[in-house]
Each structure stands twice: as structure tokens, then as C-alpha cells.
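>>> have a look; sequence and predicted model below, questions after that.
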Amino acid sequence: MKAALALLSRDVRLAWREGGAIGTALGFYLVVIVITAFGVGPNPDALSGIAPGMLWVTLLLAGLLSADRMFHNDYEDGALDVLVTGPLPLPVVAALKSLAHWLTTGVPLALLAPVLGVLLNLPEKAGPLLVLAMLVGTPAVSFVAAIGASLTLGLRRSGLLLALLVLPLYVPVLIFGVATASAAVTGPASPWPPFLMLCALSLASIVLAPIAAAAALRNALR
């Protein structure tokens with residue numbers, strides 16, 4: 001337990017200390033939403049109609065910007081070899097690194113969404129449910145990204161390849177995430193059925209993704 005907490009706190013501290021990946025993700029999120037608001041123009045109905053979809057799509061893309069660094073730094077300095085032979089099973093290592101990515105990227109992006117939603121005329125009543133849906137759905141973003149990061153470990157231009165591998169897997173998260181927020185905006189459909197599906201996707205990702213990522217890491221380190 002101590003080893004797991006030490007690894008998690010180490011990765012979170014390093015992510016905030018370096019700041020580059022987090023700053024890039026947050027900056028990308030802000031710039032895309034602002035450009036969208038200016039591009040659509042002063043049409044409140046049009047903006048509120050696209051707000052849930054734009055916020056979710058931009059969040060998924062922003063989360064990918066730092067995903068390739070999930071294992072890269074440890075791979076470059078040899079720390080990943082130490083982790084493989086350490087006391088923690090490799091799936092647990094992959095899960096902890098995915099969790100650190102979620103804490104430093106998914107959570108800040110989700111909390112920022114209602115603020116940026118003001119630019120897209122997102123109704124105030126939809127803000128809390130949007131944040132809740134993103135907090136529930138973004139673990140799937142981080143854990144699935146771990147699979148892509150492990151598969152592309154050590155490759156040149158891995159960021160582009162990672163996006164090609166991972167983006168199709170994000171489609172179910174996008175569908176149910178947007179459906180949850182859209183139901184809160186438009187009604188009268190209940191937002192809870194797609195929300196529960198979003199919960200199921202995250203739980204499945206938390207269970208299965210570390211196993212797949214660990215298998216890919218073993219192949220990369222041979």
C-alpha cells in the first residue's frame with residue numbers, strides 16, 4: 001500500500017512540477033472553446049445547442065495531449081525497468097499512472113468546463129451535471145489512453161499514433177457524455193440512463209485497461 005501511494009504521489013507531484021503537459025491541455029481547452037464561441041457568433045440558441053458536444057470533444061482531445069508522457073519519462077531514465085521488477089504488479093503500476101493522469105488532467109479539465117461553458121451559453125442548470133458526468137467519464141479517458149501510451153512507448157512521433165489508436169475507443173464515452181449533458185440542457189429526456197452507461201464505461205476501463213497496458217509494457221521492455 002505504501003509503495004502504491006508513493007508512486008501515485010510521485011507522479012502527481014512530477015506532473016504539477018513540470019507543468020508543461022497540464023498547461024498545454026488547459027490552454028488547448030481554453031483556446032478551442034474561445035475560437036468556437038467567436039466562430040459561431042452571437043447566436044445564443046446555436047451556442048447552447050453545440051455546447052455539450054464541443055466541451056466533451058475538446059476535453060477528450062486535450063486529455064490526449066499529455067497521454068504520451070504517461071510512461072515516457074520513466075522509460076527514458078530507466079525508472080520503468082525498476083518499476084517492472086519492483087514490489088507492485090505491472091497492472092497496478094499502469095493503473096496508478098492512469099490515476100495520476102486523471103487527477104492532474106481529467107479533474108482540472110472537468111472543473112473548468114462550466115466556466116468555459118459560459119462562453120457557449122451553456123445553461124446554468126446543466127453545469128453541475130456536466131461536471132459530474134465529466135468526473136465520472138474522464139477516468140475512462142485516462143485509463144484507455146494508458147493502453148495507447150504503452151503500445152506506442154519508445155516510438156518516434158508516438159503522439160500521432162497514440163491519437164489514431166485511442167480516439168476510436170473514446171467514441172462511446174463521447175456519445176454517452178454528450179447525451180447526459182444534452183438531456184440536462186434540452187429535456188425532457190432523463191440524463192440518468194446515459195450517465196449510468198458512462199459509469200459502466202469508466203468501471204470497465206479501470207478494470208481492463210491496466211491489464212492491457214501492462215501486457216504492452218512487457219513487450220516494449222523486452
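On my side now, so go ahead.
>>> how about low-confidence regions in the protein?
18-21, 187 (pLDDT under 70).
>>> could you report the neighbour count for the closest residue in space to Leu165 that isn't next to it in sequence?
Among residues not flanking Leu165 along the chain, Gly148 sits closest, at 4.5 Å (CB to CB, 6 or more residues apart in numbering). C-beta coordinates here come from the backbone N, C-alpha and C atoms, glycine included. Close neighbours of Gly148, defined as other CB atoms under 10 Å, add up to 26.
>>> from Gly117, how far off is Gly148?
To Gly117, Gly148 is 28 Å away according to CB to CB, to the nearest Å.
>>> check Ala126 too.
8 Å.
>>> now the common contact residues for these two.
Jointly contacting Ala126 and Gly117 under the rule CB atoms under 8 Å, 6 or more residues apart in numbering are Ala51.
>>> wait, what's in contact with the closest residue to Ser158 other than its chain neighbours?
Nearest non-adjacent residue to Ser158, counting by CB to CB, 6+ apart: Thr152, 3.9 Å away. When contacts are counted by CB under 8 Å, 6+ apart, Thr152 touches 68, 158, 161-162, 165.
>>> any figure for the gap between Thr152 and Arg69?
For Thr152, the distance to Arg69 equals 11 Å [CB to CB].
>>> same check, this time on Leu96
In this view, Leu96 and Arg69 are 15 Å apart by CB to CB.
>>> same check on Ala62?
From Ala62 over to Arg69 the distance is 14 Å, taken as CB to CB.
>>> got it, and Pro87?
24 Å.
>>> Ala37 now?
Distance, Ala37 to Arg69, using CB to CB: 29 Å.
>>> quick one on the thing from earlier: which one of Ala62 and Arg69 has more residues nearby?
A count of neighbours by other CB under 10 Å puts Ala62 above the other of Ala62 and Arg69, at 25 against 18.
>>> what about Gly154, which helix or strand?
Assigned by DSSP states H and E, Gly154 belongs to no helix or strand.
>>> same check on Ala6?
Using DSSP H and E, Ala6 maps to helix 2-18.
>>> show me what that helix is packed up against.
helix 20-40, helix 90-101 (3 or more CB pairs under 8 Å, 6 or more residues apart in numbering; DSSP states H and E).
>>> which SS class is the residue most central in space within the chain?
Nearest to the mean C-alpha position of the chain, by CA atoms, centre = their mean, lies Val141 at 3.7 Å. Classification of Val141 using DSSP: H, G, I helix; E, B strand; the rest coil returns helix.
>>> roughly how far does it sit from Val12?
Distance from Val141 to Val12, by CB to CB: 17 Å.
>>> cool, Ala216 as well?
Here the distance between Ala216 and Val12 works out to 23 Å (CB to CB).
>>> out of those two, which sits in the more crowded spot?
Using other CB under 10 Å as the criterion, Ala216 and Val12 rank with Ala216 on top: 20 against 16.
>>> quick check: the more buried one touching Leu151?
Yes - if you go by CB atoms under 8 Å, Ala216 and Leu151 touch, sitting 4.8 Å apart.
>>> my guess is Ala62 meets Leu30, correct?
No - here Ala62 lies out of contact with Leu30, judged by CB under 8 Å, at a distance of 9.3 Å.
>>> do you know how far Gly27 is from Val40?
21 Å.
>>> all set now, cheers.
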